[in-house]
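Asker: Return a 3D structure for these sequence lines:
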Amino acid sequence: MRLPPLKSVHYFEAAARLQSFTKAAAELNVTHSAISHQIKALEEWLGQPLFERKTRQVRLTEAGKRFIGPVKTAFEQLAEGAAEITRFGKDRPLTVTALPSLSAKWLVPRLSDFQRQYPEIQVRLSATSTVEQIGGRDIDLGIRFGRGQWDGLESELLAKNDIFPVCAPGLLTPDKPIREPRDVLNYPLLTDSDWMRSGYDEWSDWLKGAGFPEAKIKSNLSLNFSNLLIQAAIDGLGIAMGNVINAGDDLRHGRLVKPIDFTVKTDTGYFIVYAKGALKQPKVKAFRDWLMEQASGHEEVCKEAKVA
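Answerer: Have a look, this model is predicted:
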């Protein structure tokens, strides 16, 4: 397909519609000579004069009249297409993917605040443990657990995965005080079966970090989602391993306490993940900024949490 110079066509359309090079130049914020130059280039490309030039007015020639019809149609179709794309971008829901535990325990309870701040943005949440195609046609932004390295994607740390034990306020008894980290072994321990199957044991890492690498872990109850572990701890079934995301709110409200105030830092965390350039979309940036705002202060809350 051989197309005429599109800039020249743009200038031609304005001059034909306004019947004036001067008015076309003012509308397009260019000089009169720029309009003349572009139209002359278009006439040379077509091999036909498009305007009859008079002192204060220009008129379309027969060739110009034949050409302006298709040009108007093309411009109208371009405008309609651009409007449709703009409407699609605004009307399409913001699609977020996050881990089921994080979604249930931390994200969903906060979404009403986002809706109050941004009532015009519709959110669709996909809670899944699988790695979906973030940045593709269907997923705008994700919250993922790891070390912040995903090929072809941008990532920002939302919260560190620094770990500490938590339990219900009434679980501990005077006959079994917890004076040092290994004393937690005198109580039922709650473990994450998914982590255990993958070879990662938070309890072993915590005890190792506390100086007891040889401590033997005996799990009394194993569950496959961290929000279930936290709920089991709230219900008094044992001591769970928590972090700022899965236990922060319950520590703040007194549903959980720390049996001992000892935190072990890890090299993992929760990350906001999105395609390069995604933050140019206002709704994606709004959600990212809101997530950061929601996560701020969590570490301080956990540091100040009540110790049993």
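Asker: which stretches of this protein aren't confidently modelled?
Answerer: The chain contains residues with pLDDT under 70 at 55, 82-91, 130-132, 136-137, 195-200, 298-306, 308.
Asker: Recalculate using a threshold of 50.
Answerer: Low-confidence segments of the chain (pLDDT under 50): 88.
Asker: Now the residue nearest the centre of the chain: closest residue in space that isn't a chain neighbour?
Answerer: Nearest to the mean C-alpha position of the chain, by C-alpha atoms, centre = their mean, lies residue 141 at 3.3 Å. Take residue 141 and drop its neighbours on the chain: the residue closest to it by C-beta to C-beta, 6 or more residues apart in numbering is residue 274, 4.6 Å away. (C-beta placed from N, C-alpha, C; glycine too.)
Asker: Break down the stretch 101-250 of the chain into its strands, ranges please.
Answerer: 123-127, 141-146, 153-160, 164-166, 189-192, 219-223, 240-242 (DSSP state E, counting those that start in this stretch).
Asker: So which of those is nearest residue 210?
Answerer: Comparison of those against residue 210 by C-beta to C-beta identifies strand 164-166 as nearest, at 10.0 Å.
Asker: Next, the buried residues of that closest one.
Answerer: The neighbour-count check on strand 164-166 (16 or more other C-beta atoms under 10 Å) flags 164-166 as buried.
Asker: Checking residue 97 next. Helix, strand or coil?
Answerer: Under DSSP: H, G, I helix; E, B strand; the rest coil, the three-state class of residue 97 is strand.
Asker: That one: neighbour count?
Answerer: Residues lying near residue 97 (other C-beta atoms under 10 Å) number 23.
Asker: check contacts around the spatially closest residue to residue 186 that is not a sequence neighbour.
Answerer: Nearest residue to residue 186, sequence neighbours excluded (C-beta to C-beta, 6+ apart): residue 176, at 4.7 Å. For residue 176, the contacting residues are 183, 186-187, by C-beta atoms under 8 Å, 6 or more residues apart in numbering.
Asker: So the residue nearest to residue 141 belongs to a strand, correct?
Answerer: Yes - looking at residue 274 with three-state DSSP, it is inside a strand.
Asker: Make sure it is actually in contact with residue 284.
Answerer: Yes - between residue 274 and residue 284 there is a contact under C-beta atoms under 8 Å: 6.4 Å.
Asker: Pick out whichever of those two has more residues nearby.
Answerer: For residue 274 versus residue 284, neighbours defined as other C-beta under 10 Å are more numerous around residue 274 (25 against 21).
Asker: can you pull up the bridge partners for the residue nearest to residue 126 when sequence neighbours are not counted?
Answerer: In space, and not counting its chain neighbours, residue 126 is closest to residue 97: 4.5 Å by C-beta to C-beta, 6+ apart. Assessed by DSSP bridges, residue 97 has beta-bridge partners residue 126, residue 142.
Asker: just checking, residue 97 touches residue 135?
Answerer: No - Residue 97 lies out of contact with residue 135 (C-beta under 8 Å); the separation is 10.8 Å.
Asker: In which helix or strand does residue 285 reside?
Answerer: Assessed by DSSP states H and E, residue 285 sits inside helix 282-295.
Asker: just checking, what packs against that helix?
Answerer: Using 3 or more C-beta pairs under 8 Å, 6 or more residues apart in numbering; DSSP states H and E as the contact test, the elements touching helix 282-295 are strand 94-98, helix 111-117, strand 141-146, strand 153-160, strand 269-275.
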